[in-house]
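Student: requesting a structural model of the entry that follows:
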Amino acid sequence: MKGAPVADIELGLDTFGDISRNLDGTLLTDAETLRNVIAQADLAEKVGVDFFGVGEHHRKEFAVSAPEIVLAAIAGRTERIKLGTAVTVLSSDDPVRVYERFATLDALSNGRSEVILGRGSFIESFPLFGFDLADYETLFEEKLELFSRLREEKPVSWNGRTRTELVNADVFPKTAGGVRAWVGVGGSPESVVRTARYGYGLMLAIIGGAPERFRPLVDLFHHAVAEFGHAPLPVGVHSPGHVAATDAEAQEQTYEGLKVMNDTIGAERGWPPYSRDRFLQEVGPDGSQYIGSPDTVARKIAHTVSVLGAQRFDMKFASGTTPHEHLMTSIELYGTEVIPRVRALLAD
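Tutor: Residues are numbered from 1 along each chain as shown. Predicted coordinates for the structure are as follows:
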């Protein structure tokens, strides 16, 4: 399957509501960070970004634990930009409530809501909401299947192991055209096939390595979509990045924040300490960090979109503790300079 026409390719931004620092080095509060996210989304619309995604986490490094509420606030300040999650941890939530919340957001945003569903690479929500990690795979499989049924917006009868039975159950509010839905996938072929089976768009979370290595997964997805009898479904990419006037400035603004974040999470997961060499490798042509000047970032995005035939690219613009002021500049450059350059490069 070929990529979308240039005019149809969507270029978005994602944030997890990372707790950032003031320019003087002091940490912001959760409340300040949340209000900054609203301002960031408002600017994203003004500079022509197509989509704004807000992630869900339940740990101290991130302020957003209820993304739908944040997105509803953004919906009241914007008119055009599409709004969604990056991701919603479906495994530790209830599919009925998730669909109802996004159907509500769809009404409030006049049809702009999307949901990206995931199993959760962070597991804090499982014990927090009373779920057993031993059921990690079963929870997602069953809830994803149920959510796919709810998307039809008809009465549903369903029975599984991880929640109570539904008998001719209906959900409200109804939407004008349904809620656009994706599944976030990190690189598992089984996850790709499951996404195709239930008829979701594929959102590849590429946080390490060159995009070329994900091409077999894209081909597998399109093949599986056809085998399951669905119409063609979109492929998107989510990767971290940051834009500044020059490559050196962008790197300087992000390295320390990324190191703190990687070392904090890495201590829990057994990763080696984050190094400058690893950072430089990932910001290079074959890495997954889209950090640099507008021209550098645009060329790297255009290459990724072309290689994977993607219909959406979302840059996760908040990098650890990078100050809000730098993030606002990054958003402005992304919208006013990167997006037009990407479209021009793809047109050529």
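Student: thought residue 181 was touching residue 114?
Tutor: Yes. Between residue 181 and residue 114 there is a contact under Cβ atoms under 8 Å: 7.1 Å. Every residue, glycine included, has its C-beta placed from N, CA and C.
Student: could you tell me which residues touch both of those two?
Tutor: Shared contacts of residue 181 and residue 114 (Cβ atoms under 8 Å, 6 or more residues apart in numbering): none.
Student: give me the neighbour count for residue 104.
Tutor: Neighbourhood size, residue 104 [other Cβ atoms under 10 Å]: 16.
Student: please renumber so the chain begins at 28
Tutor: Got it, the first residue is 28 from now on, which makes the last one we talked about residue 131.
Student: what residue lies at the spatial centre of the chain?
Tutor: Nearest to the mean C-alpha position of the chain, by Cα atoms, centre = their mean, lies residue 113 at 3.0 Å.
Student: that one touches residue 41, doesn't it?
Tutor: Yes. In this structure, residue 113 is within contact of residue 41 by Cβ under 8 Å, at 4.1 Å.
Student: shared neighbours of the two, anything?
Tutor: 80, 81, 82, 265, 341, 343.
Student: of those residues, just the buried ones, ChimeraX syntax please.
Tutor: Buried residues among these (16 or more other Cβ atoms under 10 Å), as a ChimeraX selection:
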select :80,81,82,265,341,343
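Student: now distance to residue 90 and pLDDT too, for the shared contacts of residue 113 and residue 41, in TSV please.
Tutor: Output for those, formatted as TSV (distance: Cβ to Cβ, whole Å; pLDDT from 0 to 100):
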residue	distance to residue 90	pLDDT
80	15	98
81	10	98
82	10	96
265	19	97
341	19	98
343	15	97
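Student: tell me which of the shared contacts of residue 113 and residue 41 is nearest to residue 318?
Tutor: Using Cβ to Cβ, residue 343 comes nearest to residue 318 of the shared contacts of residue 113 and residue 41, at 11.1 Å.
Student: dump the residue contacts of the closest one.
Tutor: Going by Cβ under 8 Å, 6+ apart, the list of residues near residue 343 reads 40, 41, 42, 43, 113, 265, 266, 267, 268.
Student: other residues contacting stretch 180-200?
Tutor: Here stretch 180-200 makes contact (Cβ under 8 Å, 6+ apart) with 121-123, 126-127, 130-131, 134, 162, 165-166, 169-170, 172-173, 176-177, 201-202, 205.
Student: ends of it, what's the gap?
Tutor: Stretch 180-200 stretches 9 Å from its first residue to its last (Cα to Cα, to the nearest Å).
Student: now do it, average pLDDT.
Tutor: The average pLDDT for stretch 180-200 rounds to 96.
Student: and it, which residues are buried?
Tutor: When burial is assessed from 16+ other Cβ under 10 Å, stretch 180-200 yields the following buried residues: 180, 183, 185, 193, 198.
Student: check stretch 54-67 too.
Tutor: If you call a residue buried by 16+ other Cβ under 10 Å, then stretch 54-67 has these buried ones: 55, 60, 61, 63, 64, 65, 67.
Student: mind listing what the residue nearest to the second one when sequence neighbours are not counted touches?
Tutor: So that's residue 60. Among residues not flanking residue 60 along the chain, residue 90 sits closest, at 4.0 Å (Cβ to Cβ, 6 or more residues apart in numbering). When contacts are counted by Cβ under 8 Å, 6+ apart, residue 90 touches 44, 45, 46, 57, 58, 60, 61, 64.
Student: between the residues you listed, which is closest to residue 147?
Tutor: Distance to residue 147 across the contacts of residue 90 (Cβ to Cβ) is lowest for residue 44, with 15.9 Å.
Student: that closest one touches residue 58, doesn't it?
Tutor: No. Residue 44 is beyond contact range of residue 58, at 11.1 Å (criterion: Cβ under 8 Å).
Student: now do the longest helix seen in the chain: which elements does it pack against?
Tutor: With DSSP state H applied, the helix covering the greatest number of residues in the chain is identified as helix 274-296. With contacts defined as 3 or more Cβ pairs under 8 Å, 6 or more residues apart in numbering; DSSP states H and E, the packing partners of helix 274-296 are strand 262-270, helix 303-310, strand 317-319.
Student: check the offset of the first one from the chain's centre.
Tutor: What that stands for is strand 262-270. Relative to the chain's own centre, strand 262-270 is displaced by 8 Å; criterion: Cα atoms, centre = their mean, to the nearest Å.
Student: that one vs helix 274-296, what angle?
Tutor: Relative orientation of strand 262-270 and helix 274-296, computed by axes from the mean of the first three to the mean of the last three Cα atoms, to 10 degrees: 120 degrees.
Student: show me what strand 262-270 is packed up against.
Tutor: Using 3+ Cβ pairs under 8 Å, 6+ apart: strand 262-270 touches strand 228-232, helix 242-254, helix 274-296, strand 317-319, helix 321-335, strand 339-343, helix 351-360.
Student: for the fourth one, the distance to its chain's centre please.
Tutor: Right, the one you point to is strand 317-319. 17 Å.
Student: repeat for stretch 280-299
Tutor: For stretch 280-299, the distance to the chain centre is 20 Å (Cα atoms, centre = their mean).
Student: same question for stretch 301-313.
Tutor: Taking mean C-alpha positions (Cα atoms, centre = their mean), stretch 301-313 and its chain are 22 Å apart.
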